[in-house]
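1. Have a look; sequence and predicted model below, questions after that.
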Amino acid sequence: MEPSHTNSEDESKRMSSKVIRLIAGVLILLFAAIFLLGYLPRRQRTKATAEAARREARGLPVVIVATARESSKTVALVLPGNIQPITEAPILARAEGYLVKRYADIGDRVKAGQLLAELATPELDEQVEQGQATLQQVRAALTQANANLLEAKANANLAQITAKRNSTLVARGVLSKQEGDQSNSTYLAQAASVQAAEANINAAQQSVSASEANLRRLTEMQGFKKVRAPYDGVITVRAVDTGALINTGSTLLFRIAQTKTLRIFINVPQANYMDLHVGDQADITVQELRGCTFTGRVSRISGSLDTGTRTMLTEIEIRNRDSTLLPGMYAEVKLALNRSHPPVVVPGEAVVTRSDGIFAAVLDGNNTVHFEVINLGRDYGEEVEVASGLRAGDRVVINPSDEVIEGVRVKPTPYRASSTGRPGKGRS
């Protein structure tokens, strides 16, 4: 009986093992079928999508793209200017006469107060002599008026004493009332003479003051017979020679200029005036003085733009102790301006000029073209500043072709400037 029971158990185990293997096989087949049904179509779709993308990429226009960048905060501004003396003045005679001696000529360096020329002024000399004689006359008249005043005061004093004495005698009955009245009248007349004498003295004193002032004026004018330099400088013009007739205030004798300090006037464009300040350094060069750079400072800014040129007049002062620079020279002034809001810079080939304005072809994140209106700033040749319309980091198309239109997708290629300044293709 035991062997039969053992066989049935073995048979049962074999049957269970077959069922498990069968179920496992079915599950494996089921998972394989699910995998094949899901993976293969997805793979086909991915492959088809990639192929479509490759076909689309092969059909997209290829463009060269540059990235807009922020320009340097320091910009070099080079402007032309004319060198002028810090002070230049014409020298004219205050006296009228003839030039008898000249002590300076063109190019002479003179000191303040140095004698430049001497005039002969016969008419002025006669006027001085006449003024002196007139002064002596009015002074004599003043002396006479003082004497007359003393005489009038003495007569008035005597008349007053006589009137008082006669008044007492009239009261006693010694003199008649008529005689007393006559004494009083005489006193009043003498008192009026004193007042007249005092008025004559005042008039004589005023005449003396007027004559003295006139004589001082003529004497000062006589001092202008000698023409002197008003300050240290160099004679740039000599307009007369010995024997020339000199008219007061109208005949130019010399021109004198101070050249130890010079100034240069430049016209700063409207786009740069906000970055210019008094005290900014300026480097000055002159073509004839090769290798020499002179340092100056911005001394004055006009504060107003010229409506015709849209520029602001600016003055540069420069020291010239060794007199290397000369007034009238043409110079170039270089300013290093610190810009508070530097503009964007792009290659010049990115600018698209149309009848309706100036544009740049900008790519978005999907490489789609959008034409943006821009305003240009300074042109550096290979590059150009964009005052508005672009931001740093924007991608712009270089020399966009007719295929590059609004809304079209393109295939970008990085911009790389060649040695000739023309754009070249980078690695795709």
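-> Received, thanks. Numbering: from 1, shown residues only.
2. Return the set of residues that bridge with the spatially most central residue of the chain.
-> In the chain, the residue lying closest to the centroid (C-alpha atoms, centre = their mean) is residue 301, at 2.3 Å. Residue 301 has these beta-bridge partners by DSSP bridges: residue 314.
3. Domain parsing of this protein, as residue ranges.
-> Structural domains of the chain, as assigned by automatic domain parsing, span the residue ranges 2-58, 122-224, 343-425.
4. how about those domains in JSON lines, adding mean pLDDT and mean neighbour count?
-> All C-beta spots, glycine's among them, are computed from the backbone N, C-alpha and C. What follows is the domains of the chain, written out as JSON lines (pLDDT from 0 to 100; neighbours: other C-beta atoms under 10 Å):
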{"stretch": "domain 2-58", "mean pLDDT": "66", "mean neighbour count": "10"}
{"stretch": "domain 122-224", "mean pLDDT": "85", "mean neighbour count": "15"}
{"stretch": "domain 343-425", "mean pLDDT": "85", "mean neighbour count": "16"}
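5. can you list these in TSV and add distance to residue 267?
-> As requested, these are arranged in TSV below (distance: least, C-beta to C-beta, whole Å):
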stretch	distance to residue 267
domain 2-58	53
domain 122-224	41
domain 343-425	15
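6. between those domains, which one is nearest to residue 248?
-> When these are ranked by proximity to residue 248, the top entry is domain 122-224, at 8.6 Å, counting by C-beta to C-beta.
7. quick one: the closest one to chain centroid distance?
-> Mean-position distance between domain 122-224 and its chain equals 67 Å (C-alpha atoms, centre = their mean, to the nearest Å).
8. end-to-end on that domain?
-> 13 Å (C-alpha to C-alpha, to the nearest Å).
9. what number of residues lie near residue 335?
-> When neighbours are counted by other C-beta atoms under 10 Å, residue 335 registers 21.
10. right, and it touches residue 74 too?
-> No - contact between residue 335 and residue 74 fails when scored by C-beta atoms under 8 Å: they sit 10.2 Å apart.
11. Show me the helices in the protein, by range?
-> Counting by DSSP state H, the segments of the chain that form helices are 2-59, 122-172, 177-223.
12. want to throw those into a markdown table with distance to residue 237?
-> Listed next are these as a markdown table, based on distance: least, C-beta to C-beta, whole Å:
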| stretch | distance to residue 237 |
| --- | --- |
| helix 2-59 | 78 |
| helix 122-172 | 25 |
| helix 177-223 | 24 |
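13. Relative to residue 264, which of those is closest?
-> Of all the helices of the chain, the one in closest proximity to residue 264, counting by C-beta to C-beta, is helix 177-223 (37.9 Å).
14. Give me the angle between that closest one and helix 122-172.
-> Here the directions of helix 177-223 and helix 122-172 differ by 160 degrees (axes from the mean of the first three to the mean of the last three C-alpha atoms, to 10 degrees).
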